[in-house]
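Participant: need coordinates for the following:
(one chain, ligands or ions: 1)
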Amino acid sequence: MNRGLRIAWALTGAGHFLGESVEIIGSLREAVTVDAFLSRAAVEVLAMYGLDRRLSGIAASVTAETGHSFPVTAKFAVGMYDALVISPTTSNTVAKCLCGIADSLVSCMYSQAGKSRVPVCVLPTDVAPEMVSTAPNGNRVMVYPRRIDLEQAARLRDEDGVTAVSSPEELQSWLSQAIERGAFS
Ligand SMILES: Cc1cc2nc3c(=O)[nH]c(=O)nc-3n(C[C@H](O)[C@H](O)[C@H](O)COP(=O)(O)O)c2cc1C
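Facilitator: Model prediction:
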């Protein structure tokens, strides 16, 4: 087991795969240090699902989006992080990242990690044409991602330095293999 690995884990404002993402962070506690970064929407959605306190309890730090220039993203350039994980990733943030837009905390993290050649792993929410999701009140809801959402999620696979996964299980496996190797690249 390698105790030296440090991950920047960005969460966006998605309900889908949110509980699973938080659980994976909890399961990594012994193996990897996780600093969590929240988009403005993620701050709201985490609270709606009652997961904000759980995340604070398991992440080494939690940083919420503020301002416009995101100086915290300079941490990729100085080698502070071995990897960036974005999970869950809204269709909004996926679209921004693929267009090269970096005007939000998470899209800027994606951009700066790429420019610093830090490995990135992305779990988008919109991975199938029909999905069963869970609303904040616990009810099951059907979600039908649009063609553009599915196309954008698929395009992530062509991005340099990016591993696009399509389920929490795949994300867990990517993390486990890296932890075993002691490196993410
Ligand atoms: C309860 C709730 C759940 C949401 N779940 C999703 C989701 O699973 N996937 C998604 O793409 N957007 C979802 N959204 C919409 C995003 O929060 C919204 O597009 C937001 O602007 C995304 O901002 P961000 O990408 O900066 O986090 C959800 C919104 C709410 C209120």
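
Participant: contacts and neighbour counts: CA atoms only from here.
Facilitator: Fine.

Participant: helices of the chain, residue ranges please.
Facilitator: 18-27, 40-48, 52-58, 91-99, 105-115, 147-155, 168-181 (DSSP state H).

Participant: mind checking which of the ones you listed is nearest residue 4?
Facilitator: helix 168-181 (9.7 Å; C-alpha to C-alpha).

Participant: which strands and helices sit next to that closest one?
Facilitator: helix 18-27, strand 120-124 (3 or more C-alpha pairs under 8 Å, 6 or more residues apart in numbering; DSSP states H and E).

Participant: out of these, deepest packed?
Facilitator: Burial of the helices and strands packed on helix 168-181 is given as mean neighbour count (mean count of other C-alpha atoms under 10 Å); strand 120-124 ranks first at a mean of 25.

Participant: strand partners of it, parallel vs antiparallel please.
Facilitator: Under the criterion DSSP bridges, strand 120-124 sits next to strand 83-89 (parallel), strand 162-164 (parallel) in its sheet.

Participant: closest one to the ligand among the ones you listed?
Facilitator: strand 83-89 (6.8 Å; C-alpha to the nearest ligand atom).

Participant: the closest one near the ligand at all?
Facilitator: No - judged by C-alpha under 6 Å from any ligand atom, strand 83-89 and the ligand are separated, with a smallest distance of 6.8 Å.

Participant: so for that strand, mean pLDDT?
Facilitator: When pLDDT is averaged over strand 83-89, the result is 98.

Participant: how big is the angle separating it from helix 40-48?
Facilitator: Interaxial angle of strand 83-89 relative to helix 40-48 (axes from the mean of the first three to the mean of the last three C-alpha atoms, to 10 degrees): 60 degrees.

Participant: can you give me how far strand 83-89 is from the chain middle?
Facilitator: Here strand 83-89 shows a centroid-to-chain-centroid distance of 2 Å under the convention C-alpha atoms, centre = their mean, to the nearest Å.

Participant: C-alpha coordinates for that strand, PDB please?
Facilitator: The C-alpha coordinates for strand 83-89 follow below in PDB (Å, rounded to 0.1, in the frame of the first residue of the first chain):
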ATOM      1  CA  ALA A  83      -4.100  12.900 -10.100                       C
ATOM      2  CA  LEU A  84      -7.300  14.800 -10.600                       C
ATOM      3  CA  VAL A  85     -10.600  12.900 -10.300                       C
ATOM      4  CA  ILE A  86     -13.800  14.500 -11.300                       C
ATOM      5  CA  SER A  87     -16.800  12.500 -10.000                       C
ATOM      6  CA  PRO A  88     -19.600  13.000 -10.400                       C
ATOM      7  CA  THR A  89     -19.300  15.300 -13.500                       C
END
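
Participant: many thanks, we can stop here.
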